[in-house]
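Colleague: Got a predicted structure plus its sequence, pasted below:
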Amino acid sequence: MKRRNLISDINVVPYIDVMLVLLVIFMISAPLMVQGIQINLPEASSEALPVKNNEPLIISIKKDGAIFLETESTKDRSLSLEEMNNFVSKIFEASPGLQVVIRGDGQVKYERVMTVMAELQIAGASDIGLISQPVTSK
């Protein structure tokens, strides 16, 4: 009497197909997920800022000079300089040494950016950077 050996293989081809479809979907949708306020960043060729082990605090300045603090509680609300100072001071009490980056529109006045940077320093920020777009070749 002969025994039949059962072949127990898993067919992985459908799993590979699903994985590749998901990979394509994420590759297409990732650049479309821009978070925060819609701002036209200026172009500059510069070195990337060294990223520390935690997320930086993001301050956005729109073309009209409106200030937005990119946190869960204040992300869609325009803030005055005093309100921004209060929020940032509280954040720095909880986590001192946090990196701050400013996303300023290319058309915003330089004076407004400098005023915001001065307020951030008063609030306790010591590591402030500016976000720009990489230069695109035309």
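Modeller: Happy to help now that I have it.
Colleague: so how far is Thr71 from the closest residue to Leu130 other than its chain neighbours?
Modeller: Leaving aside its sequence neighbours, Leu130 sits nearest to Ile102 (Cβ to Cβ, 6 or more residues apart in numbering; 5.3 Å). To be clear about C-beta, it is placed using only N, CA and C from the backbone, and glycine gets the same treatment. Using Cβ to Cβ, to the nearest Å, Ile102 is found at 15 Å from Thr71.
Colleague: These two: which has the busier surroundings?
Modeller: Ile102 (19 against 12; other Cβ atoms under 10 Å).
Colleague: how near is Gly104 to Gly129?
Modeller: Relative to Gly129, and taking Cβ to Cβ, Gly104 is found at 11 Å.
Colleague: Tell me which of those two has more neighbours.
Modeller: Looking at Gly104 and Gly129 with other Cβ under 10 Å, you find the greater number of neighbours at Gly104, namely 26 against 13.
Colleague: If you drop the residues flanking it in sequence, what lies closest to that one?
Modeller: Of all residues not flanking Gly104 in the chain, Ile61 sits nearest, at 4.3 Å (Cβ to Cβ, 6+ apart).
Colleague: re the thing from before, please read off the pLDDT at the residue nearest to Leu130 from the model.
Modeller: The score at Ile102 is 90. That number is its pLDDT.
Colleague: any idea how far it lies from Asn5?
Modeller: Applying Cβ to Cβ, the value for Ile102 to Asn5 is 68 Å.
Colleague: again, but for Leu81
Modeller: If you measure Leu81 against Asn5 using Cβ to Cβ, the figure is 78 Å.
Colleague: higher neighbour count, those two?
Modeller: Between Leu81 and Asn5, counting by other Cβ under 10 Å, Leu81 is the more crowded of the two (15 against 6).
Colleague: just checking, the more buried one touches Met114?
Modeller: No - counting by Cβ atoms under 8 Å, Leu81 sits too far from Met114 to count as a contact (12.0 Å).
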